[in-house]
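Chemist: Task: produce atomic coordinates for the following.
(one chain, ligands or ions: 1)
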Amino acid sequence: MAASVATISPINVALPHNHQEDVDTTTTTILSPDLPIDFIQDPTVKAPFEAIQRLFDHLRSHPSDVDAINSAYPKRGILKTAAVLNPKSDQKFTFDLSPHRVDCLPGEAQQRLSEIITFFEAAASAYVEDLLSACSNLAGPGVDMAKAHTNRNWNFRLCDYATENIANPESDNGCGAHTDYGTFTIIFQDGTPGLEIEDPSAPTGWSLVPGDATIVLAGWCAAILSGGRIRAARHRVRRVPGVRRLSAVLFVAPDLDVKLTPLPGVKPVRPFTERISSGEEDVAWFKEVMGKRWRHREGNEDIPEGELTGSQDDDINKLVWA
Ligand SMILES: [Fe+2]
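Modeler: Sure thing, here's the model as predicted:
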């Protein structure tokens, strides 16, 4: 479907800064209730894109190193390469780590990744606390998002929207439209545009994020825990054939045992389904439900025909909102 794409600029995004005095706005700005995105202005922490490119290039030419790294997480693997064979999946390679998984890697891989891991840890130290505080403020007086985020349920993802070794190099599908499952996502880009945000007031209208912006997107858990006061951002990545793009993504989610329902003290602004308002499900369950669909989109897991009823967001909207 054709959609208009406008470019949004960080300096043109007017955000109501209803933050607490102790939030350092020189490093972070605040997620807005009106706009489900925000930008980190002049980030002090920069992603090491040269090291990230070297890593992907090395792995492409050293399959035995890929095997060694993937064996540290045999359930799903760490480097995802479905795009090599599947022309309909997202045409990208991803490398997924978590703070808990780094120690399982072979020593040589840990060394190769040290600059990248150091970057992710520095980014988390610099931004996670302030952004959780911003989310607390948006969720309402006395609400404490930090209490639901004590176990570093984070994921570190590297993306290579590559030009070589993919099944469909002419495809414009880098990453299909979706909403992240967690609380918020920080995306560092290498300067190449491609990330687009759906305009909440005009679904199927997409805004192109500047390629050098560091952007924060709210996810489903933020929307639920805040009683709908934080809006989750639907987004996608468009490829330009022949143009390589790299990104580094920090996903922050609530602890897996947190109940998937508005936090204590939150006054919801829209009604939830009984399944959500009763608090019978937890974040671990939600991650599994979402993960099945995102692995299908990325080409890493098949779903039987009959189980595919709509888009991931259609299914989750029905599950969450009454
Ligand atoms: Fe995403």
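Chemist: What segments of this protein are helices?
Modeler: Taking DSSP state H as the test, the helices found in the chain are 49-61, 63-70, 107-112, 114-139, 220-225, 274-277, 283-297, 312-320.
Chemist: looking at the ones you listed, which has the lowest confidence?
Modeler: When the helices of the chain are ranked by mean pLDDT, helix 283-297 comes last with a mean of 81.
Chemist: Disregarding residues adjacent in the polypeptide, which is nearest to residue 154?
Modeler: Using CB to CB, 6 or more residues apart in numbering and skipping the chain neighbours, the partner closest in space to residue 154 is residue 252 (5.5 Å). In this view, the C-beta of every residue, glycine as well, is placed from N, C-alpha and C.
Chemist: list the contacts for the one you found?
Modeler: Residue 252 is in contact with 124, 128, 131-132, 149, 153-154, 182-186, counting by CB atoms under 8 Å, 6 or more residues apart in numbering.
Chemist: For it, name its beta-bridge partners.
Modeler: Using DSSP bridges, the bridge partners assigned to residue 252 are residue 154, residue 184.
Chemist: thinking again about what came up before, most neighbours, which of the contacts of residue 252?
Modeler: residue 183 (32 neighbours; other CB atoms under 10 Å).
Chemist: Could you report the separation of the closest residue to residue 209 other than its chain neighbours from residue 175?
Modeler: Leaving aside its chain neighbours, residue 209 sits nearest to residue 195 (4.5 Å; criterion: CB to CB, 6+ apart). Shown here: residue 195 relative to residue 175, a distance of 9 Å by CB to CB, to the nearest Å.
Chemist: re the thing from before, quick one: which of the contacts of residue 252 is nearest to residue 314?
Modeler: When the contacts of residue 252 are ranked by distance to residue 314 (CB to CB), residue 182 comes first, at 19.5 Å.
Chemist: Contact partners for the most centrally placed residue in the chain?
Modeler: In the chain, the residue lying closest to the centroid (CA atoms, centre = their mean) is residue 185, at 4.3 Å. By CB under 8 Å, 6+ apart, the contact list for residue 185 reads 216-217, 219, 249-252.
Chemist: what does residue 48 give?
Modeler: Contact partners of residue 48, counting by CB under 8 Å, 6+ apart, are 115-116, 119.
Chemist: which parts of stretch 76-83 are buried?
Modeler: 77-83 (16 or more other CB atoms under 10 Å).
Chemist: no, scratch that, I was asking about stretch 150-166
Modeler: By 16+ other CB under 10 Å, the buried positions in stretch 150-166 come out as 153-162, 166.
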